[in-house]
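Visitor: Using only what follows, build the 3D model:
(4 chains)
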Protein chains: 4
Amino acid sequence: MNDAPRPATHWILTLSCPDQPGIVHAVAGMLAEHGGNITESQQFGDPASGLFFMRVQAESTASREELTGAMDQVAGRFGMTWTLDVVGRRIPTLIMVSKAAHCLVDLLYRERSQRMPVDVVGVVGNHRDLEDIATFYGKPFHHVPVTRDTKAEAEATLRGLVEESGAELVVLARYMQILSDELCRDLSGQIINIHHSFLPSFKGAGPYRQAHDRGVKIIGATSHYVTGDLDEGPIIEQDVERVDHSRTVEDLVGIGEDVERRTLARAVRWHAERRVLLDGRRTVVFR
Amino acid sequence: MNDAPRPATHWILTLSCPDQPGIVHAVAGMLAEHGGNITESQQFGDPASGLFFMRVQAESTASREELTGAMDQVAGRFGMTWTLDVVGRRIPTLIMVSKAAHCLVDLLYRERSQRMPVDVVGVVGNHRDLEDIATFYGKPFHHVPVTRDTKAEAEATLRGLVEESGAELVVLARYMQILSDELCRDLSGQIINIHHSFLPSFKGAGPYRQAHDRGVKIIGATSHYVTGDLDEGPIIEQDVERVDHSRTVEDLVGIGEDVERRTLARAVRWHAERRVLLDGRRTVVFR
Amino acid sequence: MNDAPRPATHWILTLSCPDQPGIVHAVAGMLAEHGGNITESQQFGDPASGLFFMRVQAESTASREELTGAMDQVAGRFGMTWTLDVVGRRIPTLIMVSKAAHCLVDLLYRERSQRMPVDVVGVVGNHRDLEDIATFYGKPFHHVPVTRDTKAEAEATLRGLVEESGAELVVLARYMQILSDELCRDLSGQIINIHHSFLPSFKGAGPYRQAHDRGVKIIGATSHYVTGDLDEGPIIEQDVERVDHSRTVEDLVGIGEDVERRTLARAVRWHAERRVLLDGRRTVVFR
Amino acid sequence: MNDAPRPATHWILTLSCPDQPGIVHAVAGMLAEHGGNITESQQFGDPASGLFFMRVQAESTASREELTGAMDQVAGRFGMTWTLDVVGRRIPTLIMVSKAAHCLVDLLYRERSQRMPVDVVGVVGNHRDLEDIATFYGKPFHHVPVTRDTKAEAEATLRGLVEESGAELVVLARYMQILSDELCRDLSGQIINIHHSFLPSFKGAGPYRQAHDRGVKIIGATSHYVTGDLDEGPIIEQDVERVDHSRTVEDLVGIGEDVERRTLARAVRWHAERRVLLDGRRTVVFR
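Guide: Modelled structure (predicted):
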């Protein structure tokens, strides 16, 4: 289709649609027609939802326009939702924080050491405590304080920052304010949160205190997409660490921070690598 | 103190009391007076409850009467609750089951391979499904069916079995009936249960189905002492296993069984080795 | 292609071949032509070996002959090695043991509770210690003692048992004799072994003693296919457990047994489910 | 013993000596005489080495001189090696690095967030790559290049830095030079190293490449005291992470860095909290 030779690009294609015969064949055929060599591919059919999910990495010299046009045809036939991206493209990401540094430090370090394909375009804090860390890593820090009276205004500022920075992902790295339902819906599937998790779970204030009082032997963290219902969006990743009776509440908090930062880091990386697909209230994670 | 030489016995002493200076000194002194050589010792002062916990293993040629008399004096001084036992004594244990075999098979195997100092004196089932396993391991199987009408009678039978068998521990190895509050209180600290645990936790029927619908990435199990409130007694041990989106509800159940059996096995072993001390709603586990 | 309606069968197709464009398209096309609905599919291209691996589960009413004929054509075009099996078919399996019971008990329990698609067709022991366990589970026990002088004869007996029983898999469940290189080659990819593993590794006798002397904090197990070089075949699964200074050599052995049995169980299940493909000295495990 | 009231200090006492009756009694008695209230205490008798280990935390208003004098008497009686320190005292620590940042970033962050009682008095690098990180955290950075010709000189510089800075601990945070046997002996028990670990272990260059070629399913890290024999000193802590066939060598390196940094962080914290006692080639870690 091209007169001039073009270097091959390494593409990521993700898609979901109602499960039915012929999907893989159609997608593979479309790629084959465009000289695509599949380097990695995973599929999953969910019997519960009746949906089929697929993530393909393929090298091809075809242009984005060619692939997009071809996929539009396939997608129309099967009723697909799909995305096309380039392997390794760094996703513009806005990190939101309050006072706790552990997740921010970890994410910025991982970006810098190139262990995570994100491009942190800014850090938003409702407090100024973490400004120096952002600055050290060369990131613009936006102080957006939130009070009951200024909440609407603050959220408008946040929307502005997302737009101006071109952020495609917002990471709530222990951001202690609740976003409005409206914002959550508008950025659905683009906001990732992290919170602590316990067996059993504890409601109300001071969860680490409660976990300590109950003598739990394991503490954990859950990273999930944010929906209107703050802690209840689709789970991307969970992890835990063992503790024992000798740990103080303060110890539990410290251990919890370690679990939180590594759980969040995995969730962000998998999202940025387009490994996470939404399946209703669940996620499909093609690790 | 003795005319005749006596071979040394390897003792386990556990105690708890209000925290105060001089406890360790007094206990160690008492043991030293009786020729005791401490081979293992752990202490823990809980700042929250103000209680002090201690577990000591010591070799001594003193008799049980001598040690008991001496400990009575020490205990009186400090307001101690205490136990004295012999290292490796196999705790008479009654296992209660319904239809699921995984925990029973595991416990019986571990007893036989001498990885756990218990002496299983019988298996009680409200169904007959697991009778052949009990029989293979040479254990008396007691069929005690439970219906709404026969619940009181069944519990009386159970109490009789505990007494006749001399059981000091009752293990609910996926026993699916709820014991009465009265029985739980009477056998407080002597009944160990196992149940599945999730992040977040799920109430109501079909927890594995719910966990699957929510797309959890970790499933776990909790082993605990039974109090009146079935699943809420002091936690002895918890463990988890990772799962992903591709696991069916059936898979989750199978993985859950693996986690349950190993979690229960650890809890039973630690209890039998007198490593678990009660600290209000918590446990101190001297592993 | 069929006159009469046939109920759909749930097939597993696995294949590997030199990586090249068009493989997935061809396989998916072949399945589509035979009315196949793909329910699960995983692919992996190994840049190091240049090989491509694929495992597909698909429901189809086509007969084995039809699918085999069609796959022969596709395979010829791409130079594929492939297998076709039915989901859930229980793989005839021979278990070999010596004196240690932990792996045997676990495998037989898992077979019976239908957590693992194997059909244990017999147990071979070079000692009689585990005969009663085999008998309890209704399995023929073959006592095949091995001495230096009878080794060749014993191996001939073993070959006979494999043939007569129709075993497609041999599991060395802590079988303490070394099989001949010839036998390992003849049954290449069909013998799974389990052994303990440490960081660092220890050569020579008494590895648990050595691990204890070195104060390791983690002990592990490795399950692998057996090649001529006993412990060095392609690794299928590994797992570990934490230990500390207070564990005796005996404790380490007990913990090691727990790790071994669960590691071996996973390896056998994944093999039986056709999830393990060979990639030179490595395995691809489509979990 | 004191005329004037003195606020209580929270002390840590660690000791080891040949195992024998009366040790705990003597130590507890000495503390009781000085008004000490034991808040945490652990003991361990190693049957293999015949040594007894103890770590006690106790609050007391006695002065260091008083306690030291009293302990000298007890120690003389039992042949003890012992240390007396104050809970929470931040151990002056020198961190040595080459080019890899992951461990340095983690340690400096943990120091700043007060999760680890160390006072990093300087960072030594044989390259300048990590100077900016040290500077950001307000730490003096010492560039001490090492070539074959300057090795002796560099080590003299290093000794000078240890002395001037008052460092009591040297952490090799992926420092890629080998220290001389003499230096290792002089700072015995004061140098902590981290290295990757695999099952099985791999000798020679490119261990991650080798691990990848072998298809390992677990990669790990070991933190240990440095003795003359670089990677073979007493192990303080080990940890692992699971990997699968789809991980590239580069992925393994990244995952390995995560395991390394958390393993090293634990080892340093436990050392700084005086929880690690030497038992010949092993450690006793009172976590």
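
Visitor: The helix or strand of chain A with the lowest mean pLDDT: how far from the chain's middle?
Guide: Every helix and strand of chain A was ranked by mean pLDDT, DSSP states H and E. The lowest is strand A:37-46, at a mean of 87. Relative to its chain's centre, strand A:37-46 lies at 20 Å (Cα atoms, centre = their mean, to the nearest Å).

Visitor: go on, stretch A:266-278?
Guide: On Cα atoms, centre = their mean, the centre of stretch A:266-278 falls 5 Å from the chain's centre.

Visitor: tell me the mean pLDDT for that stretch?
Guide: In this model, stretch A:266-278 has an average pLDDT of 97.

Visitor: Give the pairing partners of the least confident helix or strand of chain A; include direction for each.
Guide: strand A:51-60 (antiparallel), strand C:37-46 (antiparallel) (DSSP bridges).

Visitor: Dump these to TSV, plus mean neighbour count.
Guide: Any C-beta I mention is one placed from the backbone N, CA and C, and that applies to glycine too. Output for these, formatted as TSV (neighbours: other Cβ atoms under 10 Å in any protein chain shown):
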stretch	mean neighbour count
strand A:51-60	22
strand C:37-46	22
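
Visitor: now the ones you listed in JSON lines, with distance to residue A:121?
Guide: Formatted as JSON lines, the strands paired with strand A:37-46 follow (distance: least, Cβ to Cβ, whole Å):
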{"stretch": "strand A:51-60", "distance to residue A:121": "25"}
{"stretch": "strand C:37-46", "distance to residue A:121": "33"}
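
Visitor: Of those strands, which is nearest residue B:245?
Guide: strand A:51-60 (8.5 Å; Cβ to Cβ).

Visitor: With just CA atoms, put the top helix by length along chain A into CSV.
Guide: In chain A, with assignment by DSSP state H, the single longest helix is helix A:249-272. C-alpha atoms of helix A:249-272 as CSV (Å, rounded to 0.1, in the frame of the first residue of the first chain):
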residue,chain,number,x,y,z
VAL,A,249,0.0,0.7,64.9
GLU,A,250,2.8,2.9,63.6
ASP,A,251,4.6,-0.2,62.3
LEU,A,252,1.5,-1.3,60.5
VAL,A,253,1.3,2.1,58.9
GLY,A,254,4.8,1.8,57.6
ILE,A,255,4.4,-1.7,56.3
GLY,A,256,1.1,-0.6,54.7
GLU,A,257,3.0,2.2,52.9
ASP,A,258,5.3,-0.3,51.4
VAL,A,259,2.5,-2.5,50.2
GLU,A,260,0.6,0.5,48.8
ARG,A,261,3.5,1.9,46.8
ARG,A,262,4.3,-1.4,45.1
THR,A,263,0.7,-2.2,44.4
LEU,A,264,0.0,1.2,42.9
ALA,A,265,3.2,1.0,40.9
ARG,A,266,2.1,-2.3,39.3
ALA,A,267,-1.4,-1.0,38.6
VAL,A,268,0.0,2.2,36.9
ARG,A,269,2.5,0.3,34.8
TRP,A,270,0.0,-2.3,33.6
HIS,A,271,-2.4,0.5,32.7
ALA,A,272,0.3,2.4,30.9
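
Visitor: Give me the distance from that helix to the chain's centre.
Guide: For helix A:249-272 - counting by Cα atoms, centre = their mean - the centre lies 14 Å from the chain centre.

Visitor: Using the neighbour-count criterion, name the buried positions in it.
Guide: The neighbour-count check on helix A:249-272 (16 or more other Cβ atoms under 10 Å in any protein chain shown) flags A:252-272 as buried.

Visitor: Repeat that for stretch A:128-141.
Guide: A:130-131, A:133-134, A:137, A:139, A:141.

Visitor: How about the residues of chain A by chain B?
Guide: Proximity of chain A to chain B, by Cβ under 8 Å from any Cβ of the partner chain, involves residues A:44, A:46-48, A:197-201, A:212-218, A:220, A:222, A:231, A:234-240, A:244-246, A:248, A:279, A:281-285, A:287.

Visitor: Enumerate every residue touching the closest residue to chain B within the stretch 1-150 of chain A.
Guide: Closest residue of the stretch 1-150 of chain A to chain B, Cβ to the nearest Cβ: residue A:44 (5.9 Å). By Cβ atoms under 8 Å, 6 or more residues apart in numbering or on different chains, the residues touching residue A:44 are A:52-54, A:284, A:286, B:245-246, C:40.

Visitor: where exactly do the helices run in the stretch 101-250 of chain A?
Guide: Counting by DSSP state H, counting those that start in this stretch, the segments of the stretch 101-250 of chain A that form helices are A:102-112, A:131-136, A:151-165, A:181-186, A:207-214, A:249-272.

Visitor: Okay, now the unreliable bits of the stretch 51-200 of chain A?
Guide: Residue ranges of the stretch 51-200 of chain A with pLDDT under 70: none are present.

Visitor: Test my guess that residue A:272 contacts residue A:118.
Guide: Yes - using Cβ atoms under 8 Å, residue A:272 is in contact with residue A:118, at 5.1 Å.

Visitor: residues bridging contact with the two, i.e. touching both?
Guide: Going by Cβ under 8 Å, 6+ apart, residues that sit against residue A:272 and also against residue A:118 are A:90-91, A:93, A:169.

Visitor: What residues does chain A have near chain C?
Guide: So far as Cβ under 8 Å from any Cβ goes, chain A lies against chain C at A:19-25, A:28-29, A:31-32, A:35-45, A:47.

Visitor: switch the cut-off to 6 Å
Guide: A:21-22, A:24-25, A:28-29, A:32, A:37-39, A:41-43, A:45 (Cβ under 6 Å from any Cβ of the partner chain).

Visitor: distance of the nearest residue to residue A:99 once chain neighbours are set aside from residue A:135?
Guide: Beyond its immediate neighbours in the sequence, the residue positioned closest to residue A:99 (Cβ to Cβ, 6 or more residues apart in numbering or on different chains) is residue A:129, lying 4.6 Å away. Residue A:129 sits 12 Å away from residue A:135, going by Cβ to Cβ, to the nearest Å.

Visitor: if we can go back for a sec, which strands and helices lie in contact with the longest helix of chain A?
Guide: Here helix A:249-272 touches helix A:102-112, strand A:191-198, helix A:207-214, strand A:218-225, strand A:235-242, going by 3 or more Cβ pairs under 6 Å, 6 or more residues apart in numbering or on different chains; DSSP states H and E.

Visitor: buried ones in the fourth one?
Guide: What it means is strand A:218-225. A:218-225.

Visitor: Kindly indicate which of these lies nearest chain B.
Guide: Distances from chain B to the buried residues of strand A:218-225, taken by Cβ to the nearest Cβ, are shortest for residue A:218, at 4.5 Å.

Visitor: was I right about that closest one contacting residue B:238?
Guide: Yes - if you go by Cβ atoms under 6 Å, residue A:218 and residue B:238 touch, sitting 4.5 Å apart.

Visitor: what do these two both touch?
Guide: Contact with both residue A:218 and residue B:238 is made by residues residue A:199, according to Cβ atoms under 6 Å, 6 or more residues apart in numbering or on different chains.

Visitor: May I have stretch A:219-238 as PDB, with CA atoms only?
Guide: In PDB, the C-alpha atoms belonging to stretch A:219-238 read as follows (Å, rounded to 0.1, in the frame of the first residue of the first chain):
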ATOM      1  CA  ILE A 219      -2.300  -6.200  55.800                       C
ATOM      2  CA  GLY A 220      -2.900  -5.300  52.200                       C
ATOM      3  CA  ALA A 221      -3.500  -2.700  49.600                       C
ATOM      4  CA  THR A 222      -5.900  -2.500  46.600                       C
ATOM      5  CA  SER A 223      -5.400  -0.300  43.500                       C
ATOM      6  CA  HIS A 224      -8.500   0.300  41.400                       C
ATOM      7  CA  TYR A 225     -10.100   2.500  38.900                       C
ATOM      8  CA  VAL A 226     -12.100   5.300  40.500                       C
ATOM      9  CA  THR A 227     -15.800   5.400  39.800                       C
ATOM     10  CA  GLY A 228     -18.400   7.500  41.600                       C
ATOM     11  CA  ASP A 229     -18.200   5.100  44.600                       C
ATOM     12  CA  LEU A 230     -14.700   5.900  45.800                       C
ATOM     13  CA  ASP A 231     -13.200   2.600  47.000                       C
ATOM     14  CA  GLU A 232     -15.300   0.400  44.900                       C
ATOM     15  CA  GLY A 233     -14.200   0.700  41.300                       C
ATOM     16  CA  PRO A 234     -12.800  -2.200  39.300                       C
ATOM     17  CA  ILE A 235      -9.800  -3.700  41.000                       C
ATOM     18  CA  ILE A 236      -6.500  -3.700  39.100                       C
ATOM     19  CA  GLU A 237      -4.100  -5.100  41.600                       C
ATOM     20  CA  GLN A 238      -3.900  -6.200  45.200                       C
END
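
Visitor: Fine by me, we can end here.
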